Structure formats: C-alpha cells, structure tokens
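> build me a structure from this.
(3 chains)
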Amino acid sequence: MSFHHRHLLGIEGLSASDISLILDTAEKMREVSERPLKKVPALRGKLVINLFFEPSTRTRSSFEIAEKRLSADTMNFSTSTSSVKKGETFLDTVLTLERMRPDCYVMRHGSPGAFHIMFPHTTARLVNAGDGAHEHPTQALLDALTIRENKGGFDGLNVLIVGDIAHPRVVRSNIHLLRTMGANVTVCGPATLMPPHVERLGVEVVTNFEEALRDKDVVMMLRIQLERQRSGLFPSLLEYYKTYGLTRRRLALAREDAIVMHPGPMNRGVEIASDVADGPRSVILDQVENGVAIRMAVLYLLLSGGEDEAAD
Amino acid sequence: MKRLIKNGRVVDPSQGFDNTLDILIKDGRISNVDKKISSKGLEVFDATGLVVAPGFIDLHVHLREPGFEHKETIASGLDAALAGGFTGVCCMPNTEPVNDTASTTRYILDRAKASGTVAVYPIAAISKGSQGKELAPYAELREEGVRAVSDDGMPVTNAAFMRRVLEYAGSLGLLVIDHAEDPWLTGDGSMHEGSVSVRLGLKGIPAASEVIPILRDIELARLTGQRIHIAHVSTRGAVEAIRTAKEQGVQVSAEATPHHFSLTDEAVVSFDTRTKMSPPLRSQEDVDAVIEGLADGTLDCIASDHAPHAYEEKMVEFDQAPNGIIGLQTSVPLALDQLVRTKKVSLDRMVDAFSCAPARLLGLSDKGTLVPGADADLTIFSTRKQTCLREEDIRSLSRNSPYLGMKLRGAVAATVIGGTIHPAS
Amino acid sequence: MKQTILLDKAGIQRSLHRLALEIDERLQGCGGLALIGIHRRGVPLAKRIAGRLKEVEGALVPVGSLDINLYRDDFSTVGTAPELRGTHVPFDIEGRTIVLVDDVLFTGRTIRSALDALVDLGRPARVQLAVLVDRGHRELPIQADYTGLSVETHREDNVELHVKEIDGEESLILQKRT
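Numbers count the residues shown, from 1 in each chain, chains lettered A, B, ... in the order given. Predicted coordinates:
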C-alpha cells in the first residue's frame, strides 16, 4: 500500500484506501510522541516551510511539532513578519522562498485555491493547512482518527455537524471524508449560516437541532466566529446558544454512546456548554493529540518516498 | 480600385440570402452582388469554400487606452480585432480617465485612425466618471460620434437615475447599454452560486443578481418607451425575461459573450483565474438558455467583452483576481464550433448576431449589410478549417484566455475593410 | 529464476531451537535479556525464540518489535513512502541485554537503522544480533552473533523467508537469477 499523491490539497480526490493509509500511519506515529526521545530521523535534511498567510497558532504549532519530530528543518513565514505587508504579491513571495529549495510547503491562506498559483513555480510538495472556506484536510483527518478510535469505523455511522456550515473550511473536508468512508452526514445550523446548495455535497440538511440529534453517533460542534454575529448573520450569542448550543439535555437526544467533538478553540456557553465540553463523552482533547500524529503521517507519506514515483 | 470576391457562400441576413455569389467592390463600397461577375482586369480574392458575410462588429470591447496601456493599447486591440475577423469594435469607457467627455472620445478616435483600419465606435459613459450620479454630456458626445453609452463594470443602481438616462439618451438616439448587476447580491462573490461554488468554498454570485436588475431595466424601458440594451447576458432567468418583454413589444435588446455559451462553472474547479469573469461562468442550464436565446434572436448580438489584464494582475488568488478574459481572436471560431457546427444556431443567425444586429443597434446604415452602396466591410471565414490559438498567435498585449491550445472548428480567412482585403495569416 | 529451498518447515524449527540454546548458553541464562524482532518477519521469529527459551529455561523473556522505516537511509531508491508497521517495545531497555532478531542479514543497513532506532528508545547495556540466515555482501561493518544458516549468494539473488503468520506457509527460499 502506498500513497501516490504528490500533494495533500484536500480530501476531495482521496480514495477510502488513501484515507485509511493516512490513519494507519498516524497510529504508528503516535508511539514516537510517547517516547522519552520524541524524534525519528525520517525527514532529516528536508526543509519544510510553514507558509501562513493567516494567523493560526494551533495549526501551525501542531505542524511544527510534527516536522521536528521527524527531524525535518522548519522555517516559518507568516504575513505579520514579512514583506507581504509591504505589498509583495503572493507570487513574488513564493518565488523568493523557492530560492531556499524547500522540499515542502505547509500553507494556510485566506483564499480558496490559492496554492494553484504555486504549481508552475515549484517542485516542492504542498500540504494545505487551510485555504479560505475550501478545505482543511489535516483537520478532517485528525477528526477521522478520533472517530475511528472511539467508534471502530465509519460505515453506516451517523454524524451530525452543527453550527456555521458556510464559513469553516473544515466542514467541506469533513463532509468529503465521512462520505468517502461510508458515513451518513447531517448538517444543522441557522439558515443564514447554511451555504446554498449544500445538499449537493451529499448531506442531509436539518434546521431543528433537537430533531437533528436523534440517532446520531457523533456530534461535531463547529466554532461560531464572533464576527458572524457582528455582521448580522444572527441576532445574538444568547439566541444562538438557545437554539444551537449543545447542552447536556440535548446531548441526551443522541445515541447513548455518542461522542462530542469540536475542532477548537471553543466558545463555552455559545456553541457548547462547559459540562458537555468537559464531560465523559467529549473527545475534544483527543482531537488535539491526534493532530500531531496525523501531520507526522502526512509529511512522512509525502516526503519520505523517492522523487519520481508520486503521480498527480 | 475594383476588386472581386469570387465564388464564396454569401450570407446576408439583412437581405435574407444565402447563396454562392460574387461580390464586386469599387472604391471601398459594395458595387454589385451577383452570380458569375466577370473578373476581367480585377484583383480577385477566391472565396471558394468560404463564407462571405457583412463585416462583423464587436459591440463590447475594452481597449484600455487611455490609462491602462500595460494591458492593451488601441493599436494592439485593433490588431487583435482584425485578426479575429472584426471590421469594427465598440470600446467601453472604463478607461483612465473614464470616457465621459468629447475630448477623450476624440483622443480615442484619433488613436484609432492612427493605428489603421478597424473602425472604432467609442461607447461613452452614462454618468460622469461612471459614478452613477450625474448625466454625462450626451449631446456633446453624440456630436463627436458616440452612438451608445454605458457604465460597464459599474451597474446603475438607482432606478430613478436610470429612468432619466433612458429618457435623455433615448431622445438623442443613443443606445443605453446596462451592465445589469445588483452589487449587494453579488457581494464579494467570485463565481456563480451553485453546486460548484459550494464545493470550492468560494463565495457565490446568485443568478438573481443579474435577473433582478434586468427586470427593472425592462420595466423602465416599458415606462419610458425608450430602448435599452443588456450587456453580457448569462442566466436562464434573464433570457426568459427578455424574451417575454420582446413579445410584449418592449424595446429591449441584448448580447451574450462566447464564454457564456461555451464554458460552465465547472471550469472554475481548476481555480485558474482565466475562468473568472463578470458575470461569472454559470451552470449548464444557463448556458443552454443562452444558446437558445441566440438561436431564436432573444439575444440579438454576440459580443466578446474582450478584457485584457496583465499577467501579474491575473496571477493572484482567485478571489482577488480582476474579472475578464481576452476574446477578439476566439469569438468567431467559438461561435462556429459551439453554435453552428453543433447545429444549435443557424449560420444565418450567427452572422446576424455578429454584424446586422450590432449595425442596426448602433444605427450604422452602411454597415452590416451587402446592399450595393454599403461600405465594403466583409468578414470571410471557413466553417471547416481549424483554429487553435497559441500564445504566439495572440495579437493582444495580454494573454488571459482560457482557450489557448483548444482546437475549434471554424476560422477567419480574411477581413475586408473599406474594400481592402486583410487575409488571416 | 531458479528456486531452491534452503530450509523447510522442520529445518526452520531446528534452526530457531539451536539459536535459542546458543543465546541461553552464551548469555548464561536469561537474566536481563529481551528480544526485539525487526519488522516484518523478524517479529514472529523473536516470538518463537522467546517461546523456546521459556520451554528450556522456564524464563519469560520480553519480546518487542521494531519498525525501522523511520530510520532508513535509502529513501531515494525506495519509491513511495514505505508502509509503517509500528514500533512496540513495552519494556524499559535501559541496562538490558537486547538481542535483535531478523530473518535475513544482507548488506547490514537494516541493522544499522535498527541500532539507531534502538538508541532513540534508551541505553541498553549491550546489543547482539540473531539472524536466521546470513547471505553475505555486507556494506557496513556489521556481524551477527547468532546465525542459523550461512549461505553464499550473488548480489542479484533473492533470499526470502515465508512464515505461517504472514505467508501461510514455512520455508526459506533462495531465488537465483539464471
């Protein structure tokens, strides 16, 4: 079994066996993080540039740790410390960085598909750490690993994704992944935060939260960004909590052994009650831990093969 | 100077004929159109196997000069037009400065004359600076030769203002061209709102953003009894509204671009910014409706909306990129390949859409027809020869075309302007 | 391709038995001993040797498994990233005598990677190597302390162990290029 993709740009385009391979590899990587000496030389001498056009402490540190555990050399390039502020275009930034001959870019950008500009200018591998509202594949993969650990598999699993379905990039990646692996996906949230035509992604759309919770094995809460309330997409945070906040009472409507997930950071008391977030069915902290393992797996699969073998 | 265009399939929708005929040109005008005209002592162009039509006029072109000469100049734009088979183009006023004065119009006309042959009909702004607040000096502009006004790129959002525009410009015989778009519904969308936009995470522009302003324009045309022309129609809803309005006798006309009858929003999956335009590429259903609209004449003209942008301007993130693609050299091959070859639109209707209809709308009585006495402007093309546009063939200063390398069945053979024959190289 | 069976099922059993006895003798009992099998086929071999040691000495020798794929030095020739099997050493290797177990000893590079991996897990008192077959052609100064069988081969030949846990049958095969 081998990974034949040149880049990890999204979940769309990955097969079920690709996804399983990444999850299996991540499980093996976990052991490295449990040793006293948390390092293996697998990516020794490879240069990975973390190209973050949008700030993100969590994702970036998770990638950095993953890179270092595999002994790769890392370099961080983020807009706050660079010439992009002085008006350098994205293209110029890439051309400058190419001079350092990186083996891989881990990129987060605010515009969907931004990495497409890079293709003609680099032979490095690309890992999408989030591009606008489009995809965030490593997040969906770590969510999947968490689900697999707790539920054994995906086939026939009922997953509910709740909240702002329109804006977070992780939604599309999660939907593609869960559907590819055979799970049933329902999305639920306020109508103003539901993208038009979302049912074309193969999901069930339910507006009533109580109704949506019935028979669910996994409840994934999404973060509500406070700017959305300010831009008038729903009247108040309290109203949001009243209609879509996951409380203990609501969680009881799902299956008895349902697990609760959240990509973080959480707004306690807005999308999720504290006692649920910290409760026995919450696997939120496992998600964070799995992040490093997944990212190690992805970097290993992309970078430790030979040059000409990968397709795409 | 006498010339003979011999043995071509002459298609002239203005006179309703489609026959193998010879055309005699004398002193820059059509002298005679008949079977077997004697070629004694004449310069002959053999049009056997080719179609000969009244010269094509592109109603919607951005020549970018003055102000944006890094994207295109009048000279390079007209060079592209000539290669594309066009004998005349209308240039949009969103230059720098905006063409809202006689002096800017005069400048454009002077530059056009200096560059050569293709006729330029400048479209002036509807409002001063295209700000949508004050009327531009229409009478002064008309004296300079302007035949149409538009605030292309900047929709006129105030209905009361648009009413005044239709009344005043209409009374002077100027055609009002509206870029129909609701900027609030469009928001910061960068592609059609549909099944593809939801997959790509790009903000979408709903079809309603075009349909609602068109419905408004139709009502204003009905109210004022004046003409209105809708630029670059892209949606089924718009085509249906225009069809109904025409049936009711409202004086509305419309155009569609070749990209809106040949590409759908699926093309955006590549995130290639050469698939970003305004209005955006729409769904298959919309494309089918546009083609039907061209076939039955609901959409009167084909106009390219030739919009050059420099390489570095388009080499940015999709949602940051400027809208538009070049189109002068691919318009005719695309129409031949996508509309005529597939038998969705008749050859006669296609010729009408490229020449008679634009000439009629602009009030150019000596153009768009092969009646003896008309200007000897002709577009001669092959329905069989293949066009494959490569980068080195592009005459425009910009290269932003999604059709590079695409094999299209249909090619321009020669462009005749004022009797002078310019063969395609 | 000419194929010869170097050891059949019984032959493998006898070799492993002898290796277990040699280890027991040389180390004077199993005190402080642990076996670590190198993925993939070194692992079932290590388990079987431990089983023998239990029969012979009554000692419970801990067995671990080592995945050297994260320590390889030959990635550029390998193609796509090799599938990980996972390292599982559920005991402290500090101060122990570790006997690495592998099926075929060839260039020695796998063992070099295994030593690097082992060193990242801790500091054993000493490390020895047990292999079922030594086929020569070393590229590094590595030798086995316990060898089941030595065989002369050409570089292009292939030596393969099949075990019932992985391949469904038991044999040690030499494939000669003709």
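
> in terms of helices and strands, where is the residue nearest to residue B:398 when sequence neighbours are not counted?
Closest residue in space to residue B:398, ignoring its immediate chain neighbours: residue B:308 at 3.4 Å, by C-beta to C-beta, 6 or more residues apart in numbering or on different chains. For the C-beta atoms, the positions are set from N, CA and C on the backbone; glycine is no exception. Assessed by DSSP states H and E, residue B:308 sits outside every helix and strand.

> how close does residue B:308 get to chain A?
19 Å (C-beta to the nearest C-beta, to the nearest Å).

> phi and psi next, for that residue.
The phi/psi pair for residue B:308 (degrees, to the nearest 10) reads phi -70, psi 140.

> what's the closest non-adjacent residue to residue C:126?
Per C-beta to C-beta, 6+ apart, closest to residue C:126 is residue C:97, 5.4 Å.

> meant to ask about residue A:79
Here the residue nearest residue A:79, using C-beta to C-beta, 6+ apart, is residue A:53, at 5.2 Å.

> shaky segments in the chain?
In the absence of a named chain, this looks at chain A. A:1, A:80-87, A:228-230, A:306-312 (pLDDT under 70).

> try chain C instead
Along chain C, segments meeting pLDDT under 70 span C:74-79.

> and the residue nearest to residue C:126, what does it touch?
By C-beta atoms under 8 Å, 6 or more residues apart in numbering or on different chains, residue C:97 lies in contact with C:27, C:32, C:33, C:34, C:124, C:125, C:126, C:127, C:128.

> now the residues you listed as CSV including distance to residue B:297 and secondary structure?
CSV is the format used below for the contacts of residue C:97 (distance: C-beta to C-beta, whole Å; DSSP: H, G, I helix; E, B strand; the rest coil):
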residue, distance to residue B:297, secondary structure
C:27, 97, coil
C:32, 95, coil
C:33, 93, strand
C:34, 88, strand
C:124, 88, coil
C:125, 94, coil
C:126, 93, strand
C:127, 88, strand
C:128, 91, strand
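
> can you flag the buried ones in those?
Buried members of these, scored by 16 or more other C-beta atoms under 10 Å in any protein chain shown, are C:27, C:33, C:34, C:124, C:127, C:128.

> pretty sure the fourth one contacts residue C:94?
Yes - under the criterion of C-beta atoms under 8 Å, residue C:124 lies in contact with residue C:94, with a separation of 7.2 Å.

> on that earlier part again, tell me the one of the contacts of residue C:97 nearest chain A?
Taking C-beta to the nearest C-beta as the measure, chain A lies nearest residue C:124 of these, at 13.8 Å.

> report the separation between the closest one and residue C:37.
15 Å (C-beta to C-beta, to the nearest Å).

> so the residue sitting nearest the centre point of chain A, which of the three states?
Nearest to the mean C-alpha position of chain A, counting by C-alpha atoms, centre = their mean, stands residue A:139 at 1.7 Å. Put simply, residue A:139 is helix when judged by DSSP: H, G, I helix; E, B strand; the rest coil.

> now do residue B:111
Counting by three-state DSSP, the backbone at residue B:111 sits in helix.

> go ahead and confirm it touches residue B:74.
Yes - counting by C-beta under 8 Å, residue B:111 touches residue B:74, with 4.4 Å between them.

> find the residues that touch each one of these two.
In contact with both residue B:111 and residue B:74: residue B:65, using C-beta under 8 Å, 6+ apart.
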